[in-house]
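Colleague: sequence and predicted structure are below.
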Amino acid sequence: MYRLTVLIMMGVMLGQNAIAGTSVGSGFNYQGELTDNGFRANGVYDFTFKLFGGETGGSPIGSIVFKNGVVVSNGLFNVNNLDFGNAVYDGGELFLQLSVQVNSSPDAAVDLMPRQRVNAVPYSVTSDFAFEAEISSIAAQAHLATNAQIAQIAMTANQADSLAANGASNDQYLQFNGSDWVPVTLVIPTSPWLVNGPDISYSSGKVGIGTNTSNSKVEINSNLNESPLKVSVNGSAKLYMHSSGKLGIGSGNPDAQLTLNSSNQESLSIISNSLQTFKIKENGDIKQSVSSNGMLKYMLELSCNEAAHGGSTISKLYDGLTTGIFVSVSDGDIGETGICKIVFPNSFNILSRYVVASANGRGNSGSGAKGVQCEASNSTTLQCFRYVTNTGLGATNTGEITVLIY
């Protein structure tokens, strides 16, 4: 919400039959202070000036004056030669209305209310509508009030002396108290925001967006069907919260309470005490740390000391660990058909794991059903035996076993 404080309106509204027959013009300077949501405005703004015959309603009188590209610094601005022409000054009441918007903004300009009454200027003037007026003594030299940008102003000797005697000093402006012009100290509220070049910061207190009773360092309160938060990089949404409460990470259109959208990288990573305990890879695989339980660590499909496969070999392997610890397989220690051993790294203690094994029934069905038995011989080695169930002997036909380790 914009707010305007008038510092000073001073100028000339003289016609071509003014003092000594010299035309000074009908323009005047306008100085003001603009605040935006309670803070002094900074930047470039476009102003629109209109004159009305009343405090409210009515149609503009005379020309509409546009002043674009006005620089506002710490809330203060100055508009030179604000000129509505001579015809508007016919003795009737006039009220000035301002509208403001950020320079070149597509948003509509905001009307600043209430309108300001155009009072008598602080010096004697003769308008086109008072050609017969008798001009008394004219100051031989017009004294300029400090900080008021007034040039070539004709004024009566008494008024010139008054302005000079009451001249404003630095950080002051002149204000009419009803009988005289007196200097007033310019007080600008201190902003809580610290400005450092193009950067601003706020070192204390709480910030509320959409609320004036923030209970957190930053609190955002949005209206229904209005997204309270969106963070983008190069125009692409990286963090987005929908008004329904759905949160998108890497997605500007979350379709669940939490939507993760990643590209060529892990979708989710959970780290506890500097250790990655859980992750979801870009292909959807779920991984868990060695020390964690509850999920599958390995799935293996292998041949055990089988001549058709050239000994013990791994045909399929799934590694469910975040650290990617791989295993190897070789023939069993006693060299009997159907026996193989799976060797794990030292960091993987097979003695603390759950093992489920089954025999695949491919191959010579005439030799009987197959079974498998696995047993840990130490903390890093698991020995498995594929056998014929009705004889207990090692199976010699082509076949594999599946081992699941939790």
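Modeller: Ah, there it is.
Colleague: all strands for the stretch 301-406 of the chain, in order.
Modeller: If DSSP state E, counting those that start in this stretch is used as the criterion, the strands of the stretch 301-406 of the chain fall at 311-319, 328-331, 339-343, 355-359, 370-378, 381-388, 401-405.
Colleague: okay, now the sheet partners of the third one, with direction.
Modeller: In this case it means strand 339-343. Pairing partners of strand 339-343, with direction, according to DSSP bridges: strand 328-331 (antiparallel), strand 381-388 (antiparallel).
Colleague: give me the mean pLDDT for it.
Modeller: Per-residue confidence for strand 339-343 averages out to 90 on the pLDDT scale.
Colleague: ok so, going back, include distance to residue 216 and mean pLDDT when you put the strands paired with strand 339-343 into a markdown table, please.
Modeller: C-betas here are computed from N, CA, C, even on glycine. Putting the strands paired with strand 339-343 into a markdown table (distance: least, CB to CB, whole Å; pLDDT from 0 to 100) gives the following:
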| stretch | distance to residue 216 | mean pLDDT |
| --- | --- | --- |
| strand 328-331 | 54 | 90 |
| strand 381-388 | 53 | 90 |
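Colleague: nearest to residue 50, of those?
Modeller: Residue 50 lies closest to strand 328-331 among these, at 86.8 Å (CB to CB).
Colleague: now do the closest one: distance to the chain's middle.
Modeller: Distance of strand 328-331 from its chain centroid, counting by CA atoms, centre = their mean, to the nearest Å, is 56 Å.
Colleague: below-threshold pLDDT in the protein: ranges please.
Modeller: In the predicted model of the chain, residues 1-25, 120-167, 306-310, 335, 361-367, 396-398 satisfy pLDDT under 70.
Colleague: what segments of it are helices?
Modeller: In chain order, the chain shows helices spanning 157-165, with DSSP state H as the criterion.
Colleague: residue nearest the centroid of it?
Modeller: Central residue of the chain (CA atoms, centre = their mean): residue 231, 5.6 Å from the mean position.
Colleague: you'd agree that residue is up against residue 248?
Modeller: No. With contact taken as CB atoms under 8 Å, residue 231 and residue 248 are classed as non-touching, separated by 10.4 Å.
Colleague: rewinding a little: distance to residue 294 and mean neighbour count for the strands of the stretch 301-406 of the chain - can I get that in CSV?
Modeller: What follows is the strands of the stretch 301-406 of the chain, written out as CSV (distance: least, CB to CB, whole Å; neighbours: other CB atoms under 10 Å):
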stretch, distance to residue 294, mean neighbour count
strand 311-319, 16, 14
strand 328-331, 26, 15
strand 339-343, 22, 20
strand 355-359, 15, 16
strand 370-378, 20, 16
strand 381-388, 20, 22
strand 401-405, 13, 19
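Colleague: could the ones you listed go into JSON lines alongside distance to residue 62?
Modeller: Listed next are those as JSON lines, based on distance: least, CB to CB, whole Å:
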{"stretch": "strand 311-319", "distance to residue 62": "83"}
{"stretch": "strand 328-331", "distance to residue 62": "94"}
{"stretch": "strand 339-343", "distance to residue 62": "96"}
{"stretch": "strand 355-359", "distance to residue 62": "93"}
{"stretch": "strand 370-378", "distance to residue 62": "99"}
{"stretch": "strand 381-388", "distance to residue 62": "97"}
{"stretch": "strand 401-405", "distance to residue 62": "90"}
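Colleague: identify whichever of these lies nearest to residue 296.
Modeller: Of all the strands of the stretch 301-406 of the chain, the one in closest proximity to residue 296, counting by CB to CB, is strand 401-405 (6.5 Å).
Colleague: pairing partners for the closest one, with directions?
Modeller: Strand 401-405 has these partner strands in its sheet, going by DSSP bridges: strand 298-306 (antiparallel), strand 355-359 (antiparallel).
Colleague: can you add distance to residue 403 and give those strands back as CSV?
Modeller: Shown next, in CSV, are those (distance: least, CB to CB, whole Å):
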stretch, distance to residue 403
strand 298-306, 5
strand 355-359, 5
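Colleague: which among those is found nearest to residue 333?
Modeller: Ranking the strands paired with strand 401-405 by their distance to residue 333 (criterion: CB to CB) puts strand 298-306 first, at 10.8 Å.
Colleague: in the closest one, what's buried?
Modeller: Buried residues in strand 298-306, defined by neighbour count with 16 or more other CB atoms under 10 Å: 298, 300, 302-306.
Colleague: test my guess that residue 328 contacts residue 343.
Modeller: Yes. Counting by CB under 8 Å, residue 328 sits close enough to residue 343 to count as a contact (5.0 Å).
Colleague: closest one to residue 286 among the strands paired with strand 401-405?
Modeller: Smallest distance to residue 286 across those (CB to CB): 12.5 Å, for strand 298-306.
Colleague: work out the gap between the closest one and the centre of the chain.
Modeller: Mean-position distance between strand 298-306 and its chain equals 54 Å (CA atoms, centre = their mean).
Colleague: who's in contact with that strand?
Modeller: Counting by CB atoms under 8 Å, 6 or more residues apart in numbering, the neighbours of strand 298-306 from elsewhere in the structure are 309, 311-320, 327, 329, 331-332, 335-340, 342, 360, 384-386, 394, 396, 398-405.
Colleague: then stretch 98-110?
Modeller: Under CB under 8 Å, 6+ apart, the answer for stretch 98-110 is 1-2, 4, 32, 34, 43-50, 68-69, 111-112, 116.
Colleague: one step back: between the strands paired with strand 401-405, which gets nearest to residue 282?
Modeller: Evaluated over these, closeness to residue 282 peaks at strand 298-306, with 19.9 Å, by CB to CB.
Colleague: run the angle between that closest one and strand 311-319 for me.
Modeller: For strand 298-306 against strand 311-319, the angle between stretch directions is 180 degrees (axes from the mean of the first three to the mean of the last three CA atoms, to 10 degrees).
Colleague: measure how buried the closest residue in space to residue 215 that isn't next to it in sequence is and give me the count.
Modeller: Here the nearest residue to residue 215 in space, its sequence neighbours aside, is residue 206; by CB to CB, 6 or more residues apart in numbering that works out to 7.5 Å. Burial measure for residue 206: 13 neighbouring residues, criterion other CB atoms under 10 Å.
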